[in-house]
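Visitor: next one to model:
(2 chains)
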2 protein chains.
Amino acid sequence: MTTATSPSHAPFHAVDLIRTKRDGGELSDAQIDWVIAAYTAHEIAEEQMSALAMAVFFRGLSGRELNRWTQAMINSGERLDFSSLSKPTADKHSTGGVGDKITLPLAPLVAACGVAVPQLSGRGLGHTGGTLDKLESIPGWRASVTNKEMLRQLAEVGAVICAAGAGLVPADKKLYALRDVTGTVESIPLIASSIMSKKLATGTAALVLDVKVGSGAFMKTLESASELAQTMVDLGQAAGVRTMALLTDMSSPLGLTAGNALEVEESIEVLAGGGPADVVGLTVALAREMVIAAGRTDHDPADLLTSGVAMDVWRSMIRAQGGDPDAALPTAHETEVITTERDGILQSLDALAVGEAAWRLGAGRARKEHAVQPGAGVVLHAKPGMRVWAGQPLITLHTDTPERFAWARDALAGGYAIGDTVPEERPLILDRIG
Amino acid sequence: MTTATSPSHAPFHAVDLIRTKRDGGELSDAQIDWVIAAYTAHEIAEEQMSALAMAVFFRGLSGRELNRWTQAMINSGERLDFSSLSKPTADKHSTGGVGDKITLPLAPLVAACGVAVPQLSGRGLGHTGGTLDKLESIPGWRASVTNKEMLRQLAEVGAVICAAGAGLVPADKKLYALRDVTGTVESIPLIASSIMSKKLATGTAALVLDVKVGSGAFMKTLESASELAQTMVDLGQAAGVRTMALLTDMSSPLGLTAGNALEVEESIEVLAGGGPADVVGLTVALAREMVIAAGRTDHDPADLLTSGVAMDVWRSMIRAQGGDPDAALPTAHETEVITTERDGILQSLDALAVGEAAWRLGAGRARKEHAVQPGAGVVLHAKPGMRVWAGQPLITLHTDTPERFAWARDALAGGYAIGDTVPEERPLILDRIG
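Guide: Presented below is the predicted three-dimensional model:
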């Protein structure tokens, strides 16, 4: 039943690589280079790559394999080059969470500190939302920027948040779409190489990772999040990029909003010196790590946030990409309020439930070709630890399609609890790696 | 990063089944029925099925899952029905080995005992050869038979060896082709369900399995072969078919020939009352199991082999499918002899090396669309334990394409050993299960 080897023009047979990995062996550098390049060139069938990805899920990749795999992914496309800039660069990546709008205030804040921030972002799929979807709720703003425009904006404004061009890590675009439908997303080496290949291809000199932990995050446990963070930090450092990671809590949503325009609004509050304490705290913590990694420590980011300097950069950044920072943001046509059932203290508010509700209201998409509703989402009126009173608003649902209210309420059922004692406070920053 | 569930017309999402199996869970009966039917109907992508197959490779299938999976495979196509025959039916399956021509003498022998033998066979891929390829070396013989012709031939002749129609277990045809290129062949539940779905779909009342063990077999160890045999026996018995298995040695080739016409020739010798002892012994052993399982024990198959009754059935069987049992068999254009290097006793003769050499000479195919050379193959002049003399022929290579001789010699290099002591005799039948 075994198929004997026959002469062929390809240097390897995909099935041999699959078997090697399946049986716990290591792929050679040449095999890794070949499999990524041939897959990108459509010379390896999707069903073979999915079998290999599943074998990697079970067997993992060694450090050598993972470094090579990531480099091969980078080599599948173009690299950006910011070496002509007169200032250092720093980039940030979040593994995604509910209400995670941190990139919006963070990029202009770090730019205000004299560090160039090239922030290539994605659109959201599922309950975590996407930075580009959020910014696209600003009238006129466009995500698409040429490499030349990006370089100019970094020189003049200091920050750019934009879509990654099609030329950047095409192997990952193909592989991620495959993993999404084949149950092979949840593999630490595949996640790490997907994220890091894109970040390293941008040619940043410093990289700060925000690895989320909890129900609303991809990593549910501190252990798995630590492993992912350490893997990515190792990959970055092996590639000569100053890389570190914060592990941050995602058992509850960040801030008081989940949804596109709603999160932009909250971000602007933060840039205006207000906003929820957790969003402000995490923005400043990440900004401090980025300016340290970039070696530009003459300002404390906290000062530039309260002084309005970061807001000035935000306005320039939005304007540079066609957006009107003064335009009214879109709002949903309909709202519905969930009121508190009893007096007490909010014990918990599950991030996944809130993210799922926002998604069901239209803030997210089920398929990448779907559109999102800019005004849809969830506004929270309390956070865990806060006192609430019967009959008072607890959560407001926003949507253009009111038939979705019941579906969103279902997602929230059991997603929060009210009690009489003060719940134990959960720190926002759980660990620091690198 | 997770994709939220959206309403859909399909009862399940393939990715959910993949994740369940990947994480060690069990698939429900409804999920198994759906995944096999939807895959057969091209409603599940190949890359999803290959990921599921790889997850099954790592996680296995429970007894319940495997029974259901096999039934779902059977339900993907038509079933044959031999209940109108006035005699019992018995079928045999070999997991494949080098020089395994046993079906050729066995089917007419068992038919001579009054048992109908519907032997749906396949073509070979790789080094083990295929029963249909062997028979197709007989001038005029055709593998393709309608269900009606098969029933008539079983009634009149008693035995038919033919190709399975396209309607029989289409799920397996698709799945086997996928497994072959995705490194998911070597999974006991997938092997067992592939074999047993086809055997059970033929509606036989009794089934004898010949599970090969050794270098030339798919299963290299007695342990893995036992597990496969027990799994298949359990599947057959759960489906109400009297099923048993012999575990037989495949460390050396069966008989003295490997190749299509060469093996037909050897089979005819056996039917004429001669032939190598191992081929005769295994043929009789399997025949005895089949007639016992079919409840027709009035004759000892050994008697009907030596008396020539089985040969008469063979001739009728070949003639019924257009073949001329008296026609000369094709021979290869060229031969080359490998001579013995020294006097001594042949210690071992590796089945895989011989199978690979026969394949390289043209007896087998690398891809299913390739043709085989009817005359190509290997003839052995000694078996392990036999005395050999320097300069005497040890192995003769046969091919129409003499440029392949060197390639075949490479396969045989190190594949045999000559020593001075009598090697320990390895029994042909290693175990009996069921």
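Visitor: can you map out the strands along chain A?
Guide: A:91-94, A:117-121, A:159-163, A:206-213, A:242-249, A:257-259, A:334-339, A:344-349, A:377-380, A:387-388, A:393-399, A:416-419, A:429-433 (DSSP state E).
Visitor: so what does the residue of the stretch 151-300 of chain A at minimum distance from chain B look like in phi/psi?
Guide: With CB to the nearest CB as the measure, A:Gly183 is the residue of the stretch 151-300 of chain A nearest to chain B, at 3.4 Å. (C-beta placed from N, C-alpha, C; glycine too.) Dihedral angles of A:Gly183 (phi, psi; degrees, to the nearest 10) stand at phi 70, psi 30.
Visitor: the one 4 residues further on now?
Guide: In this entry, A:Ser187 is assigned phi and psi values of phi -130, psi 120 (degrees, to the nearest 10).
Visitor: quick revisit: residues contacting the closest residue to the residue of the stretch 151-300 of chain A closest to chain B other than its chain neighbours?
Guide: Leaving aside its sequence neighbours, A:Gly183 sits nearest to B:Ile18 (CB to CB, 6 or more residues apart in numbering or on different chains; 3.4 Å). Counting by CB atoms under 8 Å, 6 or more residues apart in numbering or on different chains, B:Ile18 touches A:Thr182, A:Gly183, B:Gln48, B:Ala51, B:Leu52, B:Ala55.
Visitor: kindly report the same for A:Asp23.
Guide: Contacts of A:Asp23 by CB under 8 Å, 6+ apart: none found.
Visitor: repeat for A:Ser226
Guide: A:Leu247, A:Asp431, A:Ile433.
Visitor: let's see it at 10 Å
Guide: If a contact means CB atoms under 10 Å, 6 or more residues apart in numbering or on different chains, then A:Ser226 has A:Val211, A:Val213, A:Met219, A:Ala245, A:Leu247, A:Leu430, A:Asp431, A:Ile433 as its contacts.
Visitor: also A:Gly158?
Guide: Residues near A:Gly158 by CB under 10 Å, 6+ apart: A:85, A:87, A:107-108, A:110-117, A:313, A:316-317.
Visitor: put the buried members of those into a PyMOL selection.
Guide: Entered in PyMOL, the line below selects the buried ones among the contacts of A:Gly158, by 16 or more other CB atoms under 10 Å in any protein chain shown:
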select buried, chain A and resi 87+107+108+110+111+112+113+114+115+116+117+313+316+317
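Visitor: specify which member of the contacts of A:Gly158 is nearest to chain B.
Guide: A:Ala107 (21.2 Å).
Visitor: what's the neighbour count on the closest residue to chain B within the stretch 301-434 of chain A?
Guide: Using CB to the nearest CB, the single residue of the stretch 301-434 of chain A nearest to chain B is A:Ala366, 3.9 Å away. Using other CB atoms under 10 Å in any protein chain shown, A:Ala366 is surrounded by 16 other residues.
Visitor: could you do A:Thr339 as well?
Guide: For A:Thr339, using other CB under 10 Å, the count is 13.
Visitor: the spatially closest residue to A:Arg142 that is not a sequence neighbour - how many residues pack around it?
Guide: Distance criterion CB to CB, 6+ apart; nearest residue to A:Arg142, sequence neighbours excluded, is A:Gly322 at 4.9 Å. For A:Gly322, the count of nearby residues is 13 (other CB under 10 Å).
Visitor: then A:Gly385?
Guide: 16.
Visitor: A:Gly281 too?
Guide: 15.
Visitor: isn't it up against A:Leu428?
Guide: Yes - the pair A:Gly281 / A:Leu428 is scored as a contact, 6.0 Å apart, by CB atoms under 10 Å.
Visitor: which neighbours do these two share?
Guide: With CB under 10 Å, 6+ apart, A:Gly281 and A:Leu428 have common neighbours A:Thr248, A:Leu254.
Visitor: coming back round to it: the residue of the stretch 151-300 of chain A closest to chain B: what's it in contact with?
Guide: Here A:Gly183 is in contact with A:50, A:53-54, A:57, B:13-23, B:48, B:51-52, B:54-55 (criterion: CB under 10 Å, 6+ apart).
Visitor: again, but for A:Ser215
Guide: Contacts of A:Ser215 (CB under 10 Å, 6+ apart): A:97-98, A:250-252, A:348, A:350-355, A:415.
Visitor: repeat that with 7 Å
Guide: A:Ser251, A:Asp350, A:Ala351, A:Leu352 (CB atoms under 7 Å, 6 or more residues apart in numbering or on different chains).
Visitor: and the third one, how many neighbours?
Guide: A:Ala351 has 27 neighbours, counted by other CB under 10 Å.
Visitor: got a pLDDT number for it?
Guide: Among the per-residue scores, A:Ala351 holds a pLDDT of 96.
Visitor: thought it was touching A:Leu254?
Guide: No - counting by CB atoms under 7 Å, A:Ala351 stays clear of A:Leu254, with 8.3 Å between them.
Visitor: can you pull the residues that touch both of the two?
Guide: A:Gly97.
Visitor: and the stretch 251-400 of chain A, which residues reach chain B?
Guide: Where the stretch 251-400 of chain A comes near chain B, counting by CB under 7 Å from any CB of the partner chain, the residues are A:Glu356, A:Trp359, A:Ala366.
Visitor: would you list those residues in CSV and tack on pLDDT?
Guide: Shown next, in CSV, are these (pLDDT from 0 to 100):
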residue, pLDDT
A:Glu356, 94
A:Trp359, 94
A:Ala366, 74
